[in-house]
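> After the sequence you'll find the predicted model.
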Amino acid sequence: MARYTGPKSRIARRFKEPIFGFDKVLDRKNYSPGQHGQSKRRAKQSEYGMQLMEKQKAKYTYGILERQFRNVFEKASRKGGVTGVVLLQLIESRLDNVVFRLGFAKTRNQARQLVSHRHIIVNGEVVNIPSYMLKPGDVVGVRERSKSLEIITDSLEGKVNSFSWLDFDRAAMSGRFMSYPERSDIPENINEQLIVELYSK
């Protein structure tokens, strides 16, 4: 399963955002990595550069590599509606992302691992494909024998479901994917229009 395994603090510093979660390095080094990171004479970023940075930020945030990301974009462009919003809705409907949103894992990397290690079920059946796209009405839960896993119980401790498009049942350790989220319900700081402009060139 291909995924980014490089230094996360370096990527967070490039975008000046904690895209992988809390990162104390950003407090000490809130500037781009590399020997010219602190230079005040950095060249002004081009329009293409801004579009590319936004696409890269989205890829790193959701843990998706280039080919898979482009495939999701092409699928979004074929559907009705605003392409950028549909793109984010499709990405949010990925199984690993929903496992993260439901609180079964503290990070998307943890969620991806839970899925690939066969701890997660969809509609009562084990699904071990992190990129599996959920449909409204699908129920995502934890396998019975996996409900006592420390990684899951620790993550759920104090968890409050704040997503209106997910119906979480703590007692059953499951959640229903009610609908695709509205753009206002997606908390990620991503300018999806720049991504659409980049791929539309």
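Perfect, I can see it now. Residues are numbered from 1 along each chain as shown.
> following the lowest-mean-pLDDT helix or strand in the chain, which helix or strand comes up?
When each helix and strand of the chain is scored by mean pLDDT, DSSP states H and E, helix 25-28 comes last, with a mean of 52. Per DSSP states H and E, helix 25-28 leads on to helix 47-62 as the next helix or strand towards the C-terminus.
> Just the buried residues of that next one, please?
For helix 47-62, the buried set under the neighbour-count rule, 16 or more other C-beta atoms under 10 Å, comprises Gln51, Met53, Glu54, Lys55, Gln56, Lys57, Ala58, Lys59, Tyr60, Thr61, Tyr62. Any C-beta I mention is one placed from the backbone N, CA and C, and that applies to glycine too.
> Mind jotting down where the helices sit in the protein?
Assigned by DSSP state H, the helices in the chain fall at 8-15, 25-28, 47-62, 66-78, 83-92, 95-102, 108-116, 150-156, 192-199.
> between those, which one is nearest to Asp169?
helix 95-102 (9.8 Å; C-beta to C-beta).
> Which strands or helices does that closest one pack on?
For helix 95-102, the elements it packs on are helix 83-92, helix 108-116, strand 120-122, strand 139-142, strand 166-169, strand 174-177, judged by 3 or more C-beta pairs under 8 Å, 6 or more residues apart in numbering; DSSP states H and E.
> model confidence over that helix, on average?
Averaging pLDDT along helix 95-102 yields 96.
> which sections of this structure are below the confidence cut-off?
Judged by pLDDT under 70, the chain has its weakly predicted residues at 1-43.
> who are the neighbours in contact with the residue nearest to the spatial centre of it?
With distances taken as C-alpha atoms, centre = their mean, the residue of the chain nearest its centroid is Tyr62 (2.9 Å). Residues in contact with Tyr62 (C-beta atoms under 8 Å, 6 or more residues apart in numbering) are Ile91, Arg94, Asn97, Arg108.
> hmm, back to that, can you put the helices of the chain in JSON lines and add distance to Lys135?
Output for the helices of the chain, formatted as JSON lines (distance: least, C-beta to C-beta, whole Å):
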{"stretch": "helix 8-15", "distance to Lys135": "32"}
{"stretch": "helix 25-28", "distance to Lys135": "37"}
{"stretch": "helix 47-62", "distance to Lys135": "19"}
{"stretch": "helix 66-78", "distance to Lys135": "14"}
{"stretch": "helix 83-92", "distance to Lys135": "11"}
{"stretch": "helix 95-102", "distance to Lys135": "11"}
{"stretch": "helix 108-116", "distance to Lys135": "17"}
{"stretch": "helix 150-156", "distance to Lys135": "24"}
{"stretch": "helix 192-199", "distance to Lys135": "22"}
